[in-house]
Every structure is written in structure tokens, then in C-alpha cells.
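In: dropping a prediction and its sequence here:
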Amino acid sequence: MDIRPIFAALRKHRIPAGLIVLEIALACAVLCNAVFMIGQRIGEMHVPNAIDEAGIVDITVQGTDPKLAAADVPRNLAALREIPGVTAVAAVNIVPLSQSGWNSNVATGPGELLKKNTPNVAQYLFSRGGPEALGMRLLRGRFFDDAEYADSQLGVSYLPGGHVALVTQSLAERLWPGQSALGKQAWIGDDNHYTVVGVVADILRPDRNGEGAAGFHWAIFLPLSPASVLNTYIVRSNPGDRGRVLRDGIRKLEALSPNAVVKGQTFTEVRDKFFADTRSMVGMLALVCVVMLAVTAFGIVGLTSFWVGQRRRQIGIRRALGATRGHIMRYFQTENFLLTAAGVLLGMALAFGINVYLMQHYELQRMPMYYLPAGAIALWLLGQLAVIGPARRAAAVPPVVATRSG
Amino acid sequence: MFAYYLDLALRSLKRNKVLTALMILAIAVGIGASMTTLTVMHLLSGDPLPGRSQQIFYPQVDATPAGYAKGGPLDMLDYHSAVDLWSAHRADRQALIANSEVKVRTPDVSLPPLMVPMLATTSDFFAMFKVPFRYGSAWTAADAASRARVAVISSDLNDRLFGGADSVGKILRLKDSDVRIVGVLQTWRPSPLFYDVRAGRFAEGQTSSFYDKPEDVFMPFFSGLEVNAGNFWQFTCWGKVATPGHLQDAPCVWVALWVQLDDATKVADYRAFIASYAQQQKALGRFASTQTRMPSLMQWLVFNHVVPSDVKLQTWLAFAFLAICLFNVIGLLLAKFLRRSSEIGVRRALGASRGAIFAQCLVEAGVVGVVGGIGGWLRTLTGLWLVRRQPVEYADLAHLDLGMFGLTFAVAVAASLAAGFLPALRASGVAPALQLKTL
């Protein structure tokens, strides 16, 4: 099909044509970036967390007498273990994604804290049975033995006096890249160091703490005999039982410590709370994308309809001179294709520019290049869909219109 | 004349109802989206302490070992530096603050115990930050000096425990101590909760927790530390903590100091004062570094990137969206006006000036703007309702104030007049003769 007449016609409508091009360009740019952000956030919500998320509930006991709190731990664990359906229990200091930080910088040798850039790491402490209660997955080495739990008392600086630790795979890779972490020493401060006895699949930390996406998996696990800091109980059961287990667990602990404040939740609730902001942002971005595409489509429909109305006579003449309905349809479709093409070319450049700007000013990564052609194709399709209606109406103009004036 | 133009505009708009509806809808969604995000932005980036914030400063010194605090002093102070600076009383007003969670029970009310956030602070806090009281008042300097067991509670906690009645004189059991209530605050919701803002640069843009509610219990600093001893958490430590939770002598930062300095001379004097304090402490061997910093309140908020980056992104997005809607409306108006070229030609031939045609077209665009503005306002209200249902700390703040309400209409009308300008200009450029020929 000869596209020269289309250019000639568009040249007569430079401003509306330019506007539609700009609209498409902007829509393309926003679409690419918004879809990219949606993908990023959905990815963030699905980062692996190798614990039994569906089977865990956590119950926190606060406000007990700190002198007695340590003695309460074995009693509370025993009570929780009795609940029918419970497969494992343990007391921990913090829970993944709970947004209460317990972090230390971990080094590979003494005195490195001030010299080297050491990673900020979430520090999980747990009583005997911790790995089983959380459902941790061991990749290399071993979990702790009973003696290692019993020998580890809470010392100064909230650090256990034991000498063994588990680390996540990501932390092992950060501290000892390319080497086996087993048997290595992890230093916290200049006085406490722990031998790594096992590497576990990646578990999330309680909060982000400025270490970026990679640091989200930096965690170290230390055994601890009952202590007042172990005031959160992890109770594991079948996912189907956990609602009842949670209710029973809260009731039991409240009865055991009448003056304490007992709060519990399923891990699913913990996760939902942590990602609530992210989820609402995803919803908002998706809504904007849909409404924006609808507005753009309606804009194309509106403008093309006008052009069809304006050119009824020319269409009639063309029809009278032998153009088929298909020719007329294709004319408008091609016109739309050219306009969209100009729009997406500009739009892809703009999308790239916006991404670079957002990378500099916000916590955003580089958009993979395939988003650009994907966005372009989406708008091409949208344009073609939007133009079908008006083009049909154009094709329906009877040749006899040519003989009428006006 | 205007009435006639209005009549013309309405007739023209009625002639093509679908198109008119499209234009109004485009303006309404564009305005709705951008004004919703702008309102949220406005609420989150505003001055939490209007009229006073310029006089509020956040002095910082560095008690860490050499090489530890590379990017300037840490976000909070160690206990000794904080108390030294505070006891010097060199500022017009000054408040120490330390955060903790405390267990609350009431002897008179049979409610299960609660854990609530508590702020240990000094008596200037309330006057300095213009905190409004519903009942009673702040504690006195004498109360603070005698380490009296007194407290001020939030209106929220007062509602929960005492059903909103005047509870001054009543007793609260905080952890293991009986504490007398001396004041109940009115609803007080600074946005952000500026005096607790810190560590924003580690938050990776997720800063909505800065917009949380103020604490429920306020106690005199030193009695608060005694009553809730063992429950104070460090911001960070660089050495051994002998007894966790008891941080007075620990190598940790966990106390903040806010000062009010009423004029520039006093600000300069105070800067010199903290600099000399740091020098003196270095000479004594307690400090390794003499670095100090004293941002003003607003500078501190900027330094901590208080506005969540998602909110900023949403605002950008909404304005890009508004631009798309406007391009849309311009295109449609242009097509519409130019399609009526022959009618305009007749009017020009009958003596209408270019100005008159221009005005007529602009009135038509303006009508679209006003109706679109009403639609946009409704959409803004819907949008803010949606924001209020989101699980974020600032959700309850999202309301349209009078200023933003007016701005919504102003933006809607301005946007559609701007959108109408180019099409109207083109329409008024139609030559009478040419169009008459084709009739």
C-alpha cells in the first residue's frame, strides 16, 4: 500500500497528529517503567525464604519480670508442645520480616570492624529445636547439638557465649566468596567469634537495614540456652491446624503469665504486614496502567472518529473510484500504525530516560532492554484495536456520498 | 456576552455527547489521580511544626572510636554527651528524648495489660513542640528534679483506659511503678513524627513508619529511665554492653537532644558551644573525633529522606498521567473546533472578530474544565478514601483540606483552559472566505 497519501493527509493535521504521537510516547514511557516497577515489587515479595512459612505461628510474651523470664522459657515451651497438632516449638529473639531489628556487623577476623566494610547482618538467637521449629533447610554441615545449646549463655552486648553459628548461603558467599564457610570464624565485635558449623538455605531478615536486595538474606543463627531475650515462641504445625494452635497457644501462655502482654500471629500475617506497602504500590501502579491505556485508546478512537467524519466525502470519492472497503480500512489502520510507530520510537527513548532518572533518585534498578520493545508492541496492539471501530465506520461510507455536496 | 458564549458552548458540547463525556472523563481521571497523590505529598512533606521549625535544631557529636562514624556523627547521642549538653542549658529550650516500650496497667480499670510506646523526655518538650493539652499540664521542673513518678498520656490511651474522661490524678502502673497522671494530650498528630526521625538513609525508601502516631506515655527523662529500666534499646553500639537494656554507661548511642534557638546569633553560639564541647572531650580522651553537626529540623527531615520514595514515584506517575489526559483533550478539542471550520467561517464572515471566536472556543474548553474539575474532585475524594484504607502509617492523615480543595478546581480549570488554548487559537485563525467557498 502506498503510504504517501497518508503522509500528505497527516501533514494537513500536523497538530492533532503530533498530539496523538506525544500521548502515545508518554503512555509508552510510563507503561514500560510502571510494568518494570510492578515486576520488581512482585519479585521482591517472592524472594525465597527457606522456612516453613505456611506452618508457623509466632507468639510474643512481653512485660514479664526479666529475672524470671529465663525460667519461664522451658515451662512455656513445654506447655506449647502439649497442644495437639504441634510438631515443633522453639523460643527465638526475632522473627523474619517482623520489622524489629537485631543486627550486628559481622567480620571474618578481629579488628576488621573499623578497617573493612563489614556486612550488617541479622542476628537470630534460638533455643534448642530452633531449626526444626522454623523448618530451616540445611545445605552443608550440621545443626547445633544439645551441648552447644546448653553451653551458650547470654553474655555482654546481647551476645551468646557459645562458639558455633549457622549462616545463610548468601552471607557465606558475602563473607567467604568462593570458599567453604564451614569451620570459618565469624567475628561479632572484637571479643566474640563463632565457628560456622552449617550453611542454611537463604532466610529473610526482620527488616531491610540499608543493605539492599543482596543483604536481605544476610543472617547468622546462634544457639542459646533459655534467656529473657528469647521471648517469642515459634510453634509449628500443619497449615490446617495453625489457626487453632495459635488460639490455644495464646490462651496457654496468658494463663501461665497472667501479668504479661501476649500477642500472636501466623507467619502469613507477618509477611502480609511486611509487604503491605509494596502490595498497595503494585495495585496502584496496575490501576494507573489500565486507566492510562484506556484513556489513550479512547483518545485514539475520538480523534480517528473525527477524521473519519471529516473525510467522509474523500472516502466516498475513493470508493466511487473503485477502492474496496478493505482499502479504506487499511488506510486508517496504516495511518494509526505510522502514528503509533512515531509515538513508540519517542516513547522508548523517553522510557529509557525516565528509568535513568529514577535510578539516580530512587531505589530503582536498570530496566532490562526488552521492556522497551514489549511496551512498543503493547501500544501498537492498543492502537490497532482502538482504530478498528472508526475504520469500520469509514469503510461503511457508501460511494454515493461522493455525489453529494458538503 | 459571556452568557451567549456559554449557550454556544453548551449547544456545541451537546451535539456530540460521547466526545464531551470522553473529554470530561479524561480531565476528571487526570485531575483525580494527580490531586490524590499531590494531597498525600503535601501531607507528608509539609512542615510538622509551622512557625517554630526554623528555630529547632538537632545537635550531634561523635563519641565513637576513630574511624567508626565515617559519614558524620551517628544519628543519636550517647547518654553522657546528651546529658552534658542538656545540663549546660545553652539553648532557649531543650529536650532530651529516649524511646522504649512499657507495660501499662491501671489499678482502677480491669483491662488486660498493654505494651505501649513511651517517651522519656524533659519538661521543655511540650512547650518547645507546642503540644496541646486536653486536661492538666506538663510536669514541673520541680517534679523532674525530685524524680517524681508522674506522666502525661496521649488522648488515645486516655480514651482506651478511661473512656476519654479527665484522668488527671489517676494512677497508672508502668512496669512495676505507680505513676500519677498529670496531663492528657489533645489529639496531636505531627506529620512526620519529626522528633523520632532517624536512620532514614538505611530505610531504602521505605519510610512510612516516620508517620506513625506519637507515643502514648510521656515521662520525665530521669524518672522514666528508672521506671522502665532494662527496656531501653540502643540505636547502635560499638563496644561491650555490660547489662543489656541499661545503657547509661554503655558505648552506645540511644538518646536524642532537640534544642530551640531563637535567633541566628544563638544558633552560631550553640554551634561554637558543641564544637568546643567536642574539643574538650577529645582533650579528656573520651572522644576520638571532634566532628559535630547541627541540622535544623527541616534539614534533618531532608537528610533522612522522610517522604517515602513510593509516594514521590506515585506523584511523578500521576502527573505523567495528567499530561497524557491533557494531550488527549487537546487533540479532541482541536479536532472538534476545526471540524466546525465552516460554522466558524460563517460567524467570521458575519462580523465576529478573531478574539470573539477565540473566547467562544475557550469558554467551551472552560465548561469542560469546570465539569471535569467536579469529576476530578469526586475522584480525589475517592482516591483519598482508597489511601485511607491502605495499611500504611500515614493512612489516617489523608484528607482533603480547604486549600487542596480549591487547588483541585483551579488545576482542573487551568488545565482545560491550557488544553483549549491551542485549539481555540487555531480555530480563530480560520479565514472566513475560504470556508464560505466550500459551503
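Out: Everything's here; your move.

In: does stretch B:49-67 come close to chain A?
Out: Yes: Stretch B:49-67 is in contact with chain A by C-beta under 8 Å from any C-beta of the partner chain, via B:65-67. For every residue, glycine as well, the C-beta is placed using N, CA and C.

In: pretty sure residue A:121 is in a helix, no?
Out: No: going by DSSP: H, G, I helix; E, B strand; the rest coil, the assignment for residue A:121 is strand, not a helix.

In: now the most centrally placed residue in chain A, nearest residue through space, not along the chain?
Out: Centroid-nearest residue in chain A, with C-alpha atoms, centre = their mean: residue A:44, separated by 2.3 Å. In space, and not counting its chain neighbours, residue A:44 is closest to residue A:278: 6.3 Å by C-beta to C-beta, 6 or more residues apart in numbering or on different chains.

In: swap in residue A:108?
Out: residue A:175 (5.4 Å).

In: verify the stated contact: residue A:297 with residue A:387.
Out: No: with contacts counted by C-beta atoms under 8 Å, residue A:297 stays clear of residue A:387, the gap being 9.5 Å.

In: who has more neighbours, these two?
Out: Neighbour count, other C-beta atoms under 10 Å in any protein chain shown: between residue A:297 and residue A:387, residue A:387 has more, with 27 against 17.

In: which outside residues touch stretch A:34-49?
Out: Defining contact as C-beta atoms under 8 Å, 6 or more residues apart in numbering or on different chains, one finds that stretch A:34-49 is touched by A:96-97, A:201-204, A:213, A:216-217, A:275, A:278-279, A:281-282, A:285-286, A:288-289, A:355, A:364-365, A:367-368, A:371, A:374-375, B:313, B:317.

In: buried ones in that stretch?
Out: For stretch A:34-49, the neighbour count (16 or more other C-beta atoms under 10 Å in any protein chain shown) marks A:34-38, A:40-41, A:49 as buried.

In: tell me the first helix or strand C-terminal of the helix or strand hosting the residue nearest to residue A:44.
Out: Assessed by DSSP states H and E, residue A:278 sits inside helix A:276-310. Next in sequence after helix A:276-310, counting helices and strands by DSSP H and E, comes helix A:312-320.

In: tell me the mean pLDDT for that next one?
Out: If you average the pLDDT over helix A:312-320, you get 88.

In: now do it: distance to the chain's middle.
Out: Distance of helix A:312-320 from the chain centroid (C-alpha atoms, centre = their mean, to the nearest Å) equals 55 Å.

In: low pLDDT regions in chain A?
Out: By pLDDT under 70, the low-scoring segments of chain A are A:1, A:113-114, A:363, A:404-406.

In: ranges for the helices of it?
Out: Along chain A, counting by DSSP state H, helices occupy A:4-12, A:14-45, A:66-81, A:130-134, A:146-150, A:169-175, A:212-215, A:242-256, A:267-274, A:276-310, A:312-320, A:325-361, A:371-395.

In: what's the answer for chain B, then?
Out: Under DSSP H, chain B gives helices at B:2-15, B:17-45, B:79-88, B:124-128, B:141-145, B:155-162, B:221-227, B:264-284, B:297-303, B:309-339, B:341-349, B:354-388, B:402-428, B:432-438.

In: residue B:316: neighbouring residues, count only.
Out: Count around residue B:316 with other C-beta under 10 Å applied: 17.

In: distance of it relative to residue A:387?
Out: Residue B:316 sits 30 Å away from residue A:387, going by C-beta to C-beta, to the nearest Å.

In: over to residue A:90?
Out: 63 Å.

In: then residue A:246?
Out: 56 Å.

In: quick check: longest strand of the chain.
Out: Using chain A. Looking across chain A with DSSP state E, the single longest strand is strand A:192-200.

In: actually chain B
Out: Criterion DSSP E: the longest strand present in chain B is strand B:93-105.

In: what sits against the residue lying closest to residue A:396 once chain neighbours are set aside?
Out: By the measure of C-beta to C-beta, 6+ apart, the closest residue to residue A:396 outside its immediate chain neighbours is residue A:325, 7.5 Å from it. Taking C-beta under 8 Å, 6+ apart, we find residue A:325 in contact with A:319, A:395-396.

In: list the contacts of the residue of the stretch 201-350 of chain B found nearest chain A.
Out: Taking C-beta to the nearest C-beta, chain A has its nearest neighbour within the stretch 201-350 of chain B at residue B:202, 3.0 Å off. Contact analysis of residue B:202 by C-beta under 8 Å, 6+ apart lists A:208-210.

In: which of these sits closest to residue B:323?
Out: In terms of C-beta to C-beta, no member of those lies closer to residue B:323 than residue A:208, at 32.9 Å.

In: what about the closest one, how many neighbours?
Out: Neighbours of residue A:208 using other C-beta under 10 Å come to 20.

In: domain map for the chain?
Out: No chain was given, so I picked chain A. Following the assignment in automatic domain parsing, chain A carries domains at A:4-46+A:277-403, A:64-259.

In: actually it's chain B I care about, not the one you picked
Out: Domains of chain B are assigned by automatic domain parsing as B:2-47+B:309-438, B:53-303.

In: can you redo those as CSV with mean pLDDT?
Out: Below are those laid out as CSV (pLDDT from 0 to 100):
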stretch, mean pLDDT
domain B:2-47+B:309-438, 85
domain B:53-303, 92
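
In: returning to what we had before: drop anything exposed from the contacts of residue A:325.
Out: Buried, going by 16+ other C-beta under 10 Å: A:319, A:395, out of the contacts of residue A:325.

In: Throw the contacts of residue A:325 into a markdown table and include distance to residue A:144, thanks.
Out: Formatted as a markdown table, the contacts of residue A:325 follow (distance: C-beta to C-beta, whole Å):
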| residue | distance to residue A:144 |
| --- | --- |
| A:319 | 86 |
| A:395 | 77 |
| A:396 | 79 |
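
In: between the contacts of residue A:325, which is nearest chain B?
Out: Taking C-beta to the nearest C-beta as the measure, chain B lies nearest residue A:396 of these, at 17.6 Å.

In: phi, psi for the closest one please.
Out: Main-chain dihedrals, residue A:396, degrees, to the nearest 10: phi -80, psi -10.

In: can you tell me which residues contact residue B:362?
Out: B:417, B:420-421, B:424.

In: wait, I meant residue B:41
Out: Residue B:41 neighbours (C-beta under 8 Å, 6+ apart): B:307, B:311-312, B:315.

In: and with 10 Å instead?
Out: B:307, B:311-312, B:314-315, B:318 (C-beta atoms under 10 Å, 6 or more residues apart in numbering or on different chains).

In: with residue A:323 instead?
Out: A:315, A:317, A:330-331, A:395, A:399.

In: which among these end up buried?
Out: Listed as buried from these are A:315, A:330-331, A:395; burial here means 16+ other C-beta under 10 Å.

In: find the nearest non-adjacent residue to the residue of the stretch 1-150 of chain A found nearest chain B, please.
Out: Per C-beta to the nearest C-beta, residue A:63 is where the stretch 1-150 of chain A lies closest to chain B, at 3.4 Å. Computed as C-beta to C-beta, 6+ apart, the closest residue to residue A:63 that is not its neighbour in sequence is residue B:103, at 3.4 Å.

In: verify the stated contact: the one you found with residue B:117.
Out: No: contact status for residue B:103 versus residue B:117: not in contact, 11.6 Å apart, counting by C-beta atoms under 10 Å.
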